[in-house]
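Participant: coords please:
(2 chains)
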Amino acid sequence: DAKTTQPTSMDCAEGRAANLPCNHSTISGNEYVYWYRQIHSQGPQYIIHGLKNNETNEMASLIITEDRKSSTLILPHATLRDTAVYYCIVRVPTGTYKYIFGTGTRLKVLA
Amino acid sequence: DVKVTQSSRYLVKRTGEKVFLECVQDMDHENMFWYRQDPGLGLRLIYFSYDVKMKEKGDIPEGYSVSREKKERFSLILESASTNQTSMYLCASSLSTDTQYFGPGTRLTVL
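Facilitator: Model (predicted):
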């Protein structure tokens, strides 16, 4: 799996968009970008994933650059409940392979 | 919505006890996983199962065993609990499409 680099921490004002970047310069053509988050003392929660097109669901949007070397997760209107550690993972969807979570970005949403 | 449940959120056991952690998913997923999560070490795969009665060792299977008698249920067994097995235990499930959905976690303390 390709290595990812994320900022250690970020703050965001409540109600504003939170933009979380991820660098994955060694990504290969068949690797997808996945985003998960983990709220303190809970299990990781799936947010979104994509290959090369931008994706949006009810939780977030995923913007992947044209060269696929980086991506941004966007939470359009952050709330206090979005305070969590956000993990960016790149992997080939094999179905039975383990997930490797890096250190992630600790997002704090401020009132 | 995918739902993965784990039998306990918090558990305290004594050294040498046999411990059962149970995980149930309601989405007919073929694949199920057990991880442990420790500060600074990230997520580590203990065992996974790709079908009923099938299991594969992950990265750290020593001291653990698993059982999958029904498709929806995957149990992790600590044959003789030790203090170094104090950890957060996370269960996950997936279809062959690979997105893994995690349970809420069980925080196990072995005294």
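Participant: my guess is B:F74 meets B:N31, correct?
Facilitator: No. Contact status for B:F74 versus B:N31: not in contact, 9.5 Å apart, counting by Cβ atoms under 8 Å. All C-beta spots, glycine's among them, are computed from the backbone N, C-alpha and C.
Participant: name the residues contacting each of these two.
Facilitator: The overlap between the contact sets of B:F74 and B:N31 (Cβ atoms under 8 Å, 6 or more residues apart in numbering or on different chains) consists of B:S49, B:S93.
Participant: strands of the chain, start to end?
Facilitator: Defaulting to chain A. In chain A, the strands defined using DSSP state E lie at A:9-13, A:18-23, A:32-38, A:45-50, A:55-56, A:61-64, A:70-75, A:84-91, A:105-110.
Participant: you answered for a different chain; I wanted chain B.
Facilitator: In chain B, the strands defined using DSSP E lie at B:4-6, B:10-13, B:19-25, B:31-38, B:42-51, B:54-57, B:64-70, B:73-78, B:87-94, B:101-102, B:106-110.
Participant: which residues sit against the first one?
Facilitator: Counting contacts by Cβ under 8 Å, 6+ apart, the residues outside strand B:4-6 that touch it are A:43, B:21-25, B:89, B:91-93, B:101-106.
Participant: got a list of what the residue lying closest to B:K57 once chain neighbours are set aside touches?
Facilitator: Using Cβ to Cβ, 6 or more residues apart in numbering or on different chains and skipping residues adjacent in sequence, the residue nearest B:K57 is B:Y47, 6.1 Å away. Neighbouring residues of B:Y47 by Cβ under 8 Å, 6+ apart: B:F33, B:W34, B:K55, B:E56, B:K57, B:G58, B:P61, B:Y64, B:S65, B:V66, B:L76.
Participant: pull out the buried residues from the residues you listed.
Facilitator: Among those, those buried by neighbour count (16 or more other Cβ atoms under 10 Å in any protein chain shown) are B:F33, B:W34, B:K55, B:G58, B:Y64, B:V66, B:L76.
Participant: ok, now which ones touch the most centrally placed residue in chain B?
Facilitator: For chain B, the residue lying nearest the average C-alpha position, counting by Cα atoms, centre = their mean, turns out to be B:W34 (3.1 Å). For B:W34, the residues meeting the contact criterion (Cβ under 8 Å, 6+ apart) are B:21, B:23, B:45-48, B:58, B:64, B:66, B:74, B:76, B:89-91.
Participant: most packed of the strands of chain B?
Facilitator: Burial of the strands of chain B is given as mean neighbour count (mean count of other Cβ atoms under 10 Å in any protein chain shown); strand B:87-94 ranks first at a mean of 25.
Participant: that one: partners in the sheet, and parallel or antiparallel?
Facilitator: strand B:31-38 (antiparallel), strand B:101-102 (antiparallel), strand B:106-110 (antiparallel) (DSSP bridges).
Participant: circling back to that earlier point, quick one: which two of the contacts of B:Y47 are the most distant?
Facilitator: Pairwise distances across the contacts of B:Y47 (Cβ to Cβ) peak at 14.8 Å, for the pair B:F33 and B:S65.
Participant: who does the closest residue to B:I60 other than its chain neighbours bridge with?
Facilitator: For B:I60, the nearest residue in space outside its immediate sequence neighbours is B:R44; the separation is 5.2 Å by Cβ to Cβ, 6+ apart. Each beta-bridge partner of B:R44 is listed here: B:R36, as defined by DSSP bridges.
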